[in-house]
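**Student:** have a look at this prediction, sequence included:
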2 protein chains.
Amino acid sequence: MKRKRSLAAGSGELRVLPLCGLPEIRRGQDLEALLVRAAARQGIQFEHGDVLVLAQKAVSKAEGRTVDLRSVTPSPLAREWAPRVAQDPRLIEVVLRESRRVIRMTERALIVETRHGFVCANAGVDRSNVPGKHAVTCLPDNPDASARHIAAALRRRTGVIVPVIISDTFGRPWRLGLVNVAIGAAGLRVLHDLRGTPDARGHLLRATILAVADELAAAAGLAMGKREDVPAVIVRGFSYRAAHESASRLLRPPEEDMFR
Amino acid sequence: MKRKRSLAAGSGELRVLPLCGLPEIRRGQDLEALLVRAAARQGIQFEHGDVLVLAQKAVSKAEGRTVDLRSVTPSPLAREWAPRVAQDPRLIEVVLRESRRVIRMTERALIVETRHGFVCANAGVDRSNVPGKHAVTCLPDNPDASARHIAAALRRRTGVIVPVIISDTFGRPWRLGLVNVAIGAAGLRVLHDLRGTPDARGHLLRATILAVADELAAAAGLAMGKREDVPAVIVRGFSYRAAHESASRLLRPPEEDMFR
C-alpha cells in the first residue's frame, strides 16, 4: 500500500523534506536514531520511495573524522604551500594526507584528487560548522561504505528500504559557485543510462547518461543551505532504480578525462 | 496572504512539480499560455515563491532555433572533423557556427565554448526530441533574454512574479553523466554568496558561494527525465533572493579558469 502511494504520486511530484533540529553530532553517535527521531518530531516517517541525502559533515563527525589541528605537525611542503593558498600549514598538511595528487593550486585552495578519487578543493577538509577553534573535518574514509552502513541501519530500525546518498558541495571548472554532489551512495543507480532508448519522438538517445545521484544531492542542497543546521534531507517521489551501486561509479576514469 | 503560505511553508519543504501534457511546441507559439494551461489542467496555479524551470529545447523550438540539416552546407573543416567525432558533417557545421572556440575533441562530440560562453558538448546542438529526421535545435540566441521575456509574459498573464530558469543537461570534467544546469535566468540571484557570514558555529564561511540556479535546474532535472515530455517544472518553496541577475554570471571568467 505504502509502496503504491509514494511511488505513484500520480503527477510525478517530488518533495524535498529537510530534517531539522538534529543535535551537534559526536563521534560514535547513532546517526540513524537521531535521524528517525528528528523526522518523527516533524511528523515524517520514512517511506518506500524515499531517498535520504546526508551532508558529509554529519557523517564525518559521527565517524570521528575530525582532526585537531594542534595535533598536526606540518611537513616542509605544507609549510611552503600554505601561504600560497592563504591557509593554515596544519590544514594543508591534513589536505595532503587526504590526497592522491595535487591537480592545481588556486589563491585559496589546493585542487586535489582525494584518496577516493574525487577532484575537489582542499580534499574536502573543512572547518565550517565544526565546533572548536582548531577542529577540521575530513571526508569519510569510505563514503560508499558509510552510505551502505546507514541504509542498513535505517532498514533495521524502520523496516523500510531507503537508498542513502552522502553529499558535499564541490566547485567545478567553467562555472562559478559550489553545487552539492554525491560522494557516497547505497541502494540506487547513480547513473541512469538512457543510451539506445528512444526519446519521445522515436530518435535514439545517443549520449544521454544522467547523473541522477548528483541531481538528488543538488536538490537536497537547496534545502540544506549552508548556514542552517540541516544535515539531512529526504527526497520523496523520485523513481529511482534500486541497485547495489556506489557513488564511485560517478568518477570519470582519469585516463578518459581530458581536463585533469 | 499567498506570499505567506508559499514562502513560509514552515518546515522548509520544497516541492518539485512537473508540468505535463504540453503539445509539441512550434515556432512563434505562446509558450506562457501553454504553460499556464498545462498547469491549470493539473490543478496548479503559479504562486509567489515559485521558480519556473524550462528545458532549453522548449524555448528553442518556440523561438524557431531549429535548423534543417538539409539546408546546411558543411565547410571543409566540418567535413574533416565530423568522422572523428562520429557525427554528421552538417551537424558539426552547425556546432562550429554556434561556437566561439573548440576546447577538446572527444570520440563523440566537440567540447566547445559557445557564443554565449558555455562550455559544453556540441554547443548544445541536439537532435533528440526534435520532430523530423533532419532537424536539430540550437540553444536560444540569448537564454537570459528569453528567461526575462518569459518571466514578464507570465507576470502579465498571471499577476505573479515568478523567476524563470532555462536549463540544459551538460557533462562536466572529473565526473560522469549529465546534470541539468541553468543557461538562462531572470528574477533571482543565481549565486548565493555566503562569504563573510557566520556558520551555525560562528566561524566565518570563507569560500562558500552556492550556485543555487544550477541546483534548482538539477532538482527540476529529476522531474524532467529525458524521455518524458516534461519541458517545464515548478520548484515551490525555495527561498530565492529576488534580483535582476542573469545565468551568464555563473560563467567562470576564462582568465580565472584553470581547466579550459
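**Tutor:** Ah, there it is.
**Student:** which pLDDT value goes with the residue nearest to residue A:61 when sequence neighbours are not counted?
**Tutor:** The shortest distance from residue A:61 to any residue other than its chain neighbours is 4.3 Å, reached at residue A:25 (Cβ to Cβ, 6 or more residues apart in numbering or on different chains). From N, CA and C alone the C-beta is placed, and that goes for glycine too. With respect to pLDDT, residue A:25 has a value of 91.
**Student:** bridging residues for the residue most central in space within chain A?
**Tutor:** By Cα atoms, centre = their mean, the mean C-alpha position of chain A lies nearest to residue A:167, the distance being 1.3 Å. According to DSSP bridges, the partner residues bridging residue A:167 are residue A:55, residue A:182.
**Student:** isn't it right next to residue A:222, touching?
**Tutor:** No: with contact defined as Cβ atoms under 8 Å, residue A:167 does not count as touching residue A:222 (11.6 Å).
**Student:** and stretch A:180-193, how far out from the chain middle?
**Tutor:** Centre-to-centre, stretch A:180-193 and its host chain are 9 Å apart (Cα atoms, centre = their mean, to the nearest Å).
**Student:** now do it: distance from first to last residue.
**Tutor:** Using Cα to Cα, to the nearest Å, the span of stretch A:180-193 from its first residue to its last is 21 Å.
**Student:** for stretch A:60-77, what is the average pLDDT?
**Tutor:** 96.
**Student:** domains of chain A?
**Tutor:** Each structural domain of chain A that the record assigns through automatic domain parsing is listed here as a residue range: A:2-61+A:140-250, A:66-136.
**Student:** quick check: residues of the stretch 51-200 of chain A near chain B?
**Tutor:** By Cβ under 8 Å from any Cβ of the partner chain, the part of the stretch 51-200 of chain A that sits against chain B consists of A:104, A:106, A:108-109, A:111, A:118-119, A:121, A:127-131, A:169, A:172-181, A:190-191, A:194, A:197-200.
**Student:** where does pLDDT dip in the stretch 151-260 of chain A?
**Tutor:** For the stretch 151-260 of chain A, applying pLDDT under 70 flags the ranges A:199-207, A:226-228.
**Student:** for the residue in the stretch 51-200 of chain A that chain B sits nearest to, which non-adjacent residue is spatially closest?
**Tutor:** Checking the stretch 51-200 of chain A residue by residue against chain B with Cβ to the nearest Cβ singles out residue A:177 as nearest, at 2.9 Å. Excluding its sequence neighbours, the residue lying closest to residue A:177 (Cβ to Cβ, 6+ apart) is residue B:211, at 2.9 Å.
**Student:** who's in contact with the one you found?
**Tutor:** A:175, A:176, A:177, A:178, A:179, B:190, B:191, B:250 (Cβ atoms under 8 Å, 6 or more residues apart in numbering or on different chains).
**Student:** biggest separation within those, which pair?
**Tutor:** Within the contacts of residue B:211, A:178 and B:190 form the most distant pair, 12.7 Å apart (Cβ to Cβ).
**Student:** higher neighbour count, the two?
**Tutor:** Shown here are residue A:178 and residue B:190; by other Cβ atoms under 10 Å in any protein chain shown, residue B:190 has more neighbours (29 against 25).
**Student:** so that one is in contact with residue B:241, correct?
**Tutor:** No: distance between residue B:190 and residue B:241: 9.7 Å, which falls outside the contact criterion (Cβ under 8 Å).
**Student:** just say which of the domains of chain A is most tucked in.
**Tutor:** With neighbours defined as mean count of other Cβ atoms under 10 Å in any protein chain shown, these peak in mean count at domain A:2-61+A:140-250, which reaches a mean of 20.
**Student:** for it, the distance to its chain's centre please.
**Tutor:** Computed by Cα atoms, centre = their mean, the chain-centroid distance of domain A:2-61+A:140-250 equals 8 Å.
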